[in-house]
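[1] build me a model:
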Amino acid sequence: MSDEALLQELLDQEKRLVFDRFDNDTAITLGTRIIERARQDNLSIVVEISRGEQRLFYCALEGTSADNEFWVAGKTAVVRRYGHSSFYMGQKARVKGVDFATAQLVDPLKYFPHGGAFPILVRNVGMVGTATVSGLPQAEDHKLVVTVIEELLAELGTGEARPEVWTA
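    Below you'll find the model as predicted:
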């Protein structure tokens with residue numbers, strides 16, 4: 001996949017993966033599903049689901065460490081600041097050939113533009129939170145979050161974005 005196609009696919013995910021509502025129970029369900037998938041595939045990950053500044057779900061599987069929590073915080077900070085997935089922001093900087101922290105004038109010890117954090121988007125509202133995974137290579141962290149969100153939205157019967165609600 002070309003760089004341009006990858007960036008467009010990442011933006012398309014954000015347009016497509018939109019909840020009709022997102023409450024504590026939805027957060028717990030999403031986090032639990034990510035953990036179930038990780039256990040099924042024998043993955044060592046940390047998962048955090050937040051709404052605003054409130055952590056609604058957190059789980060660290062065997063084989064993870066406090067370092068993963070540090071990565072969760074840095075990836076989540078990117079999504080909260082820019083409203084895009086941490087993978088998109090990192091890939092966008094890579095394609096432009098710039099250092100993310102330097103180009104964005106942010107502290108490189110607080111903002112990690114690596115895959116794994118995805119915005120929780122609610123129709124007619126916008127971004128309300130984040131879903132973050134740490135423990136795998138960045139593309140796999142991102143894929144795990146996106147795949148489970150897609151599956152949950154399909155089950156809930158939602159997930160088709162309306163262009164007037166969320167644009168890149």
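[2] from residue 57, how far out is residue 25?
    Note on residue 25: its distance to residue 57, by Cβ to Cβ, to the nearest Å, is 10 Å. Backbone N, C-alpha and C define where each C-beta goes, glycine included.
[3] between these two, who's got more neighbours?
    Shown here are residue 25 and residue 57; by other Cβ atoms under 10 Å, residue 57 has more neighbours (20 against 10).
[4] who are the neighbours in contact with the more buried one?
    27, 28, 30, 31, 32, 47, 48, 49 (Cβ atoms under 8 Å, 6 or more residues apart in numbering).
[5] so residue 47: helix, strand or coil?
    strand (DSSP: H, G, I helix; E, B strand; the rest coil).
[6] tell me the gap between the helix or strand containing residue 30 and the middle of its chain.
    For residue 30, the enclosing helix or strand under DSSP states H and E is helix 24-40. When C-alpha coordinates are averaged (Cα atoms, centre = their mean, to the nearest Å), helix 24-40 and its chain have centres 14 Å apart.
[7] where in the chain is pLDDT low?
    Flagging of the chain using pLDDT under 70 yields the residue ranges 158-168.
[8] for it, longest strand please?
    strand 126-134 (DSSP state E).
[9] circling back to that earlier point, and the contacts of residue 57, which are buried?
    Neighbour counting by 16 or more other Cβ atoms under 10 Å classes 27, 30, 31, 47, 48, 49 among these as buried.
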